[in-house]
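> with the input below, show me the fold.
(2 chains, ligands or ions: 1)
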Amino acid sequence: MAEEKKATRKKIQAADRMNKIMADYFYGLNEAATTGKRKVAWCTSVGPAELLQALGFAVHFPENHAAMLGATRMSTDLIPEANAIGYSPDICSYLTADIGAYLKGITPLAKAYPGIQSVPKPDVLVYNTNQCRDVQDWMAWYSKKLGVPSIGVTSPKNVNDVTDAHIDDVTRQIEALIPPLEAIAGVKLDMDRLRETVSLSRECTELWKRVLETSIASPAPLTFFDGTIHMGPAVVLRGTREAIDYYKVLLAELEQRIRDGVGAVDGETSRIYWEGMPVWGRLRQHSELFANLKSTVLASTYCSSWIFPSFSGIDPIRSMAKAYLELFIVRSDRYKEGYIKEMLEKFRIDGIIYHDAKTCPYNSNSRYGLPGRVEEETGVPSLVISGDLNDLRCVSDEQTKTNIEAFIEQIAEGR
Amino acid sequence: MSGPVFVGLDIGSSRTKVAVIDAGRRVLGHAVRKSGTDFSATAAACLDESLEMAGTRRDGIAGAMSTGYGRANVAFVTTQSKTEIGCLSRWGRDRFHEAVTIIDIGGQDNKVIKLDADGRRASFKMNRKCAAGTGAFLEEMSMRLDIPLEAMDGLARQSLEIVKLGSYCTVFSATEVLENIRHGKKVTDIVKGLFYSVVKRVLEMDSHAGRVVMTGGVVAHNPYIVEMAGEMVGRPVVLPDFPQLAGAIGAALYALDETDPTGIRNDIPAGETNG
Ligand code: SF4
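The predicted model follows:
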């Protein structure tokens, strides 16, 4: 491309507020774990967090912690620790980075939040295999290491249409978790509290959806790279008032950007969809690379995965089951193709980039011919880049850059 | 020599290639050298060599464009750059007026680029970061076998019975090669097996629509690879006149486009017809 001029990321003012509520969240967790005032549950990203919150647990999300290891570029040195004890470099690099960090006794929380020394010690580990098997294996390691129970939901996979049979199955599995969780929490489940938590999750999710949909505007006010940071509260604080209040503030700021005609990228000339995981250790570089090419990566499957339209306070457990099953990652390619096609249309996308993450087949949707099928039907050009979420040994910066530059060139020349 | 010239500089991680063309898109001068560690110095030497061949000097340059890994290192002649994929496509669009699949085998990576009948780039793929099927693979194997790189093409052509190697991996392939030597297999057959492995790796990257063309340093020095690829694809594969310079020529064409606001100059007959 022409001369390298540096584009910088535009700061989102609401970020300070987000940092504050995230800090409160981590200090709260730390206090629960160190004082024993509240029981601590670890929960996979789309595990039954609402149930845990309603039972009064402080909830830690190992995937969030692993993403922090990636974003701080600590992960690549930690992954080999887990490799050495038999966890292959080919499996989830969230798992290997997180276990590696535990083995070495380090955490990015300690640096970001003075006073916190370690991840909060759990009283129970709760998973849902709706995303992958790795989360179950991950919790199993901690279960053995720390002597705490690991329980969860085993979900169906590759679902075309979510049917009553699927929902019945997962509903029963969630119900079966209640007695052991009550025993650990030392309280009985208050159904009203669960109803309220699920309703709050729903509200949070709707606001998050509206935040993401501001990028339907041209120029788009929010990039995927910003989204991966600002989805923090939707991941770890769903079911709480704080998350809802935060997204109201963020939404107002983005709507103001739209009114002012301000885009996240100056002079936006192409609009890109990102399919797959972010490369956590390269968020800034990728964000700047696209900004320099006057391209906005403005929509993604990843950020949109924390939208759960089925949550309902009326029948909370069943609605949780349905919401956890409707997730993109749980679905068949037939469903995924339809979903992506809708997104390409809704956000008026010029090109789609699939990140084939070496260690996460579940979020790498380029391996069964999907990009070719979607391109054939929509005419939207596609590019597959090889990389990884956390293991930078699998990332070639030069190849990524050349690929992306050539792709943007192709889009420009195709006009 | 009179008249302005247009320069394309392709600064690859292994070789630097420079092409000088005139406004009629004829290649007047060219040079190829090992990139080494000082990309700028190598580029300068290649530039002057190719300008001399073209019968002109630096003040005769009317436009220049760079490409390749070291594209930012040639600010002394141009700060304009395009990707290698863009330049190979530009070259292909100029040389062929039909749908083509360009397979480029470079020192460190491979590319498969598809152009539609109008010369528009329909798609491209680069290999994953792995030496399989690249020049680096053949260089490594020539060292293991202790035969000069230049001798490989001649050796492969003498083979009567190919030794097939199964692995993707350069390290595993090296082990397979040693095992075959121990079992008394002929070097000629092993070298043909190495070529076969390179061709397989690049062909399996994508499907092959339209006319298939191969470019890059590896086929420039080992044209037998192109013949083997033709056998595997089931139709002849084109080896253009300057396979290693395709990217540099494409860059020079972009430089020429920049001076012509109407863009692509396909109206002027090309100096060479075969590529
Ligand atoms: S979905 Fe992928 S990244 Fe997430 S936990 Fe499973 S394997 Fe790891």
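> ok, residues contacting stretch B:55-64?
B:1, B:4-9, B:20, B:23, B:28-29, B:47-48, B:51, B:54, B:77-78, B:80, B:252, B:255-256, B:258-259 (CB atoms under 8 Å, 6 or more residues apart in numbering or on different chains). Placement of C-beta: from N, CA and C, glycine included.
> the same query, at a cut-off of 10 Å, please.
B:1-9, B:18, B:20-23, B:28-29, B:44, B:47-48, B:50-51, B:54, B:74, B:76-81, B:251-252, B:254-260 (CB atoms under 10 Å, 6 or more residues apart in numbering or on different chains).
> before we move on, what about stretch B:32-40?
Under CB under 10 Å, 6+ apart, the answer for stretch B:32-40 is B:9-19, B:41-46, B:49-50, B:68-77, B:107, B:217, B:220, B:242, B:244-245, B:248.
> who touches residue A:91 in this structure?
Counting by CB under 10 Å, 6+ apart, residue A:91 touches A:82-83, A:132-134, A:137-138, A:359-361.
> list just the nearest of the residues you listed to chain B.
Set against chain B, the nearest of the contacts of residue A:91 by CB to the nearest CB is residue A:359 (14.0 Å).
> spell out, range by range, the helices that occur in chain B.
With DSSP state H as the criterion, chain B has helices at B:39-53, B:84-95, B:135-145, B:152-158, B:170-182, B:187-203, B:217-221, B:224-233, B:246-259.
> what's the answer for the stretch 301-415 of chain A, then?
A:301-304, A:316-326, A:333-346, A:370-378, A:397-413 (DSSP state H, counting those that start in this stretch).
> figure out which of these is closest to residue A:156.
Nearest to residue A:156 among the helices of the stretch 301-415 of chain A is helix A:316-326; the distance by CB to CB comes to 7.4 Å.
> just the pLDDT for whichever residue of the stretch 301-415 of chain A sits closest to the ligand.
The ligand sits closest to residue A:360 of the stretch 301-415 of chain A, with a gap of 3.3 Å, by CB to the nearest ligand atom. The model reports residue A:360 with a pLDDT of 98.
> so the nearest residue to residue A:87 once chain neighbours are set aside is in which element?
Closest residue to residue A:87 apart from its sequence neighbours, by CB to CB, 6 or more residues apart in numbering or on different chains: residue A:96 at 5.3 Å. Remark: residue A:96 resides in helix A:93-104, with elements defined by DSSP states H and E.
> okay, now the closest residue to residue A:53 other than its chain neighbours: neighbour count?
For residue A:53, ignoring the flanking residues on the chain, the nearest one in space by CB to CB, 6+ apart is residue A:239 at 4.6 Å. The local packing of residue A:239 (other CB atoms under 10 Å in any protein chain shown) involves 26 other residues.
> and for the one 3 residues further on?
Applying the criterion other CB under 10 Å, we find 18 residues in the vicinity of residue A:242.
> past the host helix or strand of it, which element shows up next along the chain?
Assigned by DSSP H and E, residue A:242 belongs to helix A:241-259. Once the chain leaves helix A:241-259, the next helix or strand it forms, by DSSP H and E, is strand A:270-275.
> note down every partner strand of that following strand and its orientation.
strand A:295-300 (parallel), strand A:351-357 (parallel) (DSSP bridges).
> got the angle between that strand and helix A:333-346?
Orientation check (axes from the mean of the first three to the mean of the last three CA atoms, to 10 degrees): strand A:270-275 against helix A:333-346 gives 160 degrees.
> what mean pLDDT does strand A:270-275 have?
For strand A:270-275, mean pLDDT rounds to 98.
> cool, stretch A:133-147 as well?
Rounded mean pLDDT across stretch A:133-147 is 98.
> mind listing what's buried in that stretch?
A:134-139, A:141-143 (16 or more other CB atoms under 10 Å in any protein chain shown).
> want to throw those into CSV with secondary structure and distance to chain B?
Below are the buried residues of stretch A:133-147 laid out as CSV (DSSP: H, G, I helix; E, B strand; the rest coil; distance: CB to the nearest CB, whole Å):
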residue, secondary structure, distance to chain B
A:134, helix, 22
A:135, helix, 27
A:136, helix, 29
A:137, helix, 26
A:138, helix, 26
A:139, helix, 31
A:141, helix, 29
A:142, helix, 33
A:143, helix, 36
